[in-house]
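Student: task: produce atomic coordinates for the following.
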Amino acid sequence: MTAPTVAVYADESCLGNGKEGENPGGAGVLIEHLGASGSLTRRDLWVSAPGTTNNQMALRSVIEACRALHGKGKSLSIVFTTDSKYIVDGMNSWVFGWARNGWKRKTGPIENLALWHDALRAAAPHQIEWRWVRGHNGHAQNEYANHLAIRAAETQAESGGLVESAFDDWRASAGKKGERMDAFPTTFTPGSRLPVV
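Tutor: Next up is the predicted model:
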């Protein structure tokens, strides 16, 4: 096992998820990179949509994070942590069965298929370990990604790519010092090579 080059923490929000009508949503991403000198760099990213679902925004978090990280043309080793079992189960299991079955399933059409394809294409250049964390459970990086997602949903704002992170200021101002915070991952077990679409 080797160490990853990047840690990604992602969360999503949809205000009124499941209710009738257009429900605004957002996705928030915190990216951590540990430099050769041992210094940690953080970047933020957030996107929004006027009418969406939690699952659609979870897929957008994968798409936007992977695209942003591939912007310099490098293939990275990424630990992608999210509280979305939809993403973790999908990327670790479901997409392989769907691909074998011609992107169909016995119970009907695959929901959000175009977004799944976009997520697979965005993730393809990288080696990714998909990790699940329980949401709203005092995990600082996940709570911060959730903060970014809710703010994006409420304001319908977007970061326009990676920006300097406000994680430390958020922790200080929100009194989050007691929350559990992950150290930068020291192990990395990439998932299986994702299906080509």
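
Student: quick check: closest non-adjacent residue to residue 8.
Tutor: Distances taken as CB to CB, 6 or more residues apart in numbering place residue 80 nearest to residue 8, at 4.6 Å, with adjacent residues excluded. Placement of C-beta: from N, CA and C, glycine included.

Student: show me how far stretch 122-141 is from its chain's centre.
Tutor: 6 Å (CA atoms, centre = their mean, to the nearest Å).

Student: could you list the buried residues of it?
Tutor: Buried residues in stretch 122-141, defined by neighbour count with 16 or more other CB atoms under 10 Å: 122-124, 126-131, 133, 135, 139-141.

Student: in helices only, show me those.
Tutor: Among the buried residues of stretch 122-141, DSSP state H puts 122, 123, 140, 141 in helices.

Student: still on that earlier bit, would CSV of the buried residues of stretch 122-141 with pLDDT and distance to residue 162 be doable?
Tutor: Formatted as CSV, those follow (pLDDT from 0 to 100; distance: CB to CB, whole Å):
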residue, pLDDT, distance to residue 162
122, 97, 14
123, 97, 17
124, 96, 20
126, 95, 15
127, 95, 20
128, 97, 17
129, 97, 21
130, 98, 21
131, 97, 21
133, 95, 22
135, 86, 23
139, 91, 22
140, 93, 20
141, 95, 16
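
Student: export the residues you listed to CSV and tack on distance to residue 85?
Tutor: Formatted as CSV, the buried residues of stretch 122-141 follow (distance: CB to CB, whole Å):
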residue, distance to residue 85
122, 20
123, 17
124, 22
126, 21
127, 21
128, 16
129, 15
130, 10
131, 11
133, 10
135, 10
139, 15
140, 20
141, 18
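
Student: what two of these are the furthest from one another?
Tutor: 124 and 140 (30.0 Å; CB to CB).

Student: so where's the chain uncertain?
Tutor: Scanning the chain for pLDDT under 70 picks out the ranges 1, 18, 72, 176-178.

Student: from the centre of it, give me the residue that's furthest out.
Tutor: residue 106 (28.0 Å; CA atoms, centre = their mean).

Student: which residues in this protein form strands?
Tutor: All strands of the chain, identified by DSSP state E, fall at 6-14, 25-34, 40-49, 77-82, 127-132, 163-164.

Student: what residues does the last one touch?
Tutor: Translated: strand 163-164. 42, 43, 44, 45 (CB atoms under 8 Å, 6 or more residues apart in numbering).

Student: okay, helices next: where are they in the chain?
Tutor: Counting by DSSP H, the helices of the chain are 54-69, 85-89, 95-100, 113-123, 140-155, 167-173.

Student: so which of those gets nearest residue 24?
Tutor: So among the helices of the chain, helix 140-155 is nearest, using CB to CB, at 5.1 Å.

Student: just the CA atoms of the closest one, as PDB, please.
Tutor: Output of helix 140-155 as PDB, limited to C-alpha atoms (Å, rounded to 0.1, in the frame of the first residue of the first chain):
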ATOM      1  CA  ALA A 140     -14.800  18.200  10.900                       C
ATOM      2  CA  GLN A 141     -14.000  17.800   7.200                       C
ATOM      3  CA  ASN A 142     -17.400  16.300   6.400                       C
ATOM      4  CA  GLU A 143     -19.200  19.000   8.400                       C
ATOM      5  CA  TYR A 144     -17.200  21.700   6.500                       C
ATOM      6  CA  ALA A 145     -18.100  20.200   3.100                       C
ATOM      7  CA  ASN A 146     -21.700  20.100   4.300                       C
ATOM      8  CA  HIS A 147     -21.400  23.800   5.200                       C
ATOM      9  CA  LEU A 148     -20.200  24.600   1.700                       C
ATOM     10  CA  ALA A 149     -23.000  22.600   0.100                       C
ATOM     11  CA  ILE A 150     -25.700  24.200   2.200                       C
ATOM     12  CA  ARG A 151     -24.400  27.700   1.500                       C
ATOM     13  CA  ALA A 152     -24.200  26.900  -2.200                       C
ATOM     14  CA  ALA A 153     -27.800  25.600  -2.200                       C
ATOM     15  CA  GLU A 154     -29.100  28.600  -0.400                       C
ATOM     16  CA  THR A 155     -27.200  31.300  -2.400                       C
END
